[in-house]
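J.: Predicted structure and sequence below. I'll ask about it afterward.
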Amino acid sequence: QVQLVESGGGSVQAGGSLRLSCAASGLTYSRKWMAWFRQAPGKEREGVAAIYTGDGNTYYADSAKDRFTISRDNVNKMVYLQMNTLKPDDTAMYYCAADGRVLFAQTYNYWGQGTQVTVSS
């Protein structure tokens, strides 16, 4: 049984930082795309960042470039999203996803329950 458990969300002021974590279990972790998506109330889900566990190749949405960094720990089957210089527009539920392709949400087979990020101005 595959489980993805996110943590690290919270409330911060604009300009602050948060680090999200995703713990994967029950999954063959190697050579897979792992990604972070987010969804704000009334908006469509959007991709944020993705990483290939095999070679560490990364891909970022334009909204995340230069502010967010995705990384992975293959030994412990963890994926992280370091978010800096947060803006109110970053407020959303953030989801970890596994076994898909880059930031194409419909290709991902597994999803976590999400962790809320709220950025106040």
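T.: Right, received. Where do you want to start?
J.: For the residue nearest the centre of the chain, which three-state class applies?
T.: Centre of the chain computed as the mean C-alpha position; nearest residue by Cα atoms, centre = their mean is Trp36, 2.3 Å away. Assigned state for Trp36: strand (three-state reduction, DSSP: H, G, I helix; E, B strand; the rest coil).
J.: what's the distance between the spatially closest residue to it that is not a sequence neighbour and Asp99?
T.: Using Cβ to Cβ, 6 or more residues apart in numbering and skipping the chain neighbours, the partner closest in space to Trp36 is Val48 (4.4 Å). In this view, the C-beta of every residue, glycine as well, is placed from N, C-alpha and C. Between Val48 and Asp99 the computed distance is 17 Å (Cβ to Cβ, to the nearest Å).
J.: out of the two, which sits in the more crowded spot?
T.: Val48 (24 against 18; other Cβ atoms under 10 Å).
J.: picking up where we left off before, OK, contacts around the residue nearest to Trp36?
T.: Counting by Cβ atoms under 8 Å, 6 or more residues apart in numbering, Val48 touches Ala35, Trp36, Phe37, Arg38, Tyr60, Ala61, Ser63, Ala64, Phe68, Leu81, Tyr94, Leu103.
J.: hmm, 10 Å instead?
T.: 20, 35-38, 59-61, 63-64, 68, 70, 81, 83, 90, 92, 94-95, 103 (Cβ atoms under 10 Å, 6 or more residues apart in numbering).
J.: how far does the strand or helix carrying it sit from the chain's center?
T.: Assigned by DSSP states H and E, Val48 falls within strand 46-52. Distance of strand 46-52 from the chain centroid (Cα atoms, centre = their mean, to the nearest Å) equals 6 Å.
J.: Just the buried positions in it, please.
T.: For strand 46-52, the neighbour count (16 or more other Cβ atoms under 10 Å) marks Gly47, Val48, Ala49, Ala50, Ile51, Tyr52 as buried.
J.: Compute the distance between the fourth one and Lys77, please.
T.: Going back to what we said before, that points to Ala50. 16 Å.
J.: Give me the pLDDT for Tyr29.
T.: Note for Tyr29: predicted pLDDT of 80.
J.: Asp89 now?
T.: At Asp89, pLDDT is 96.
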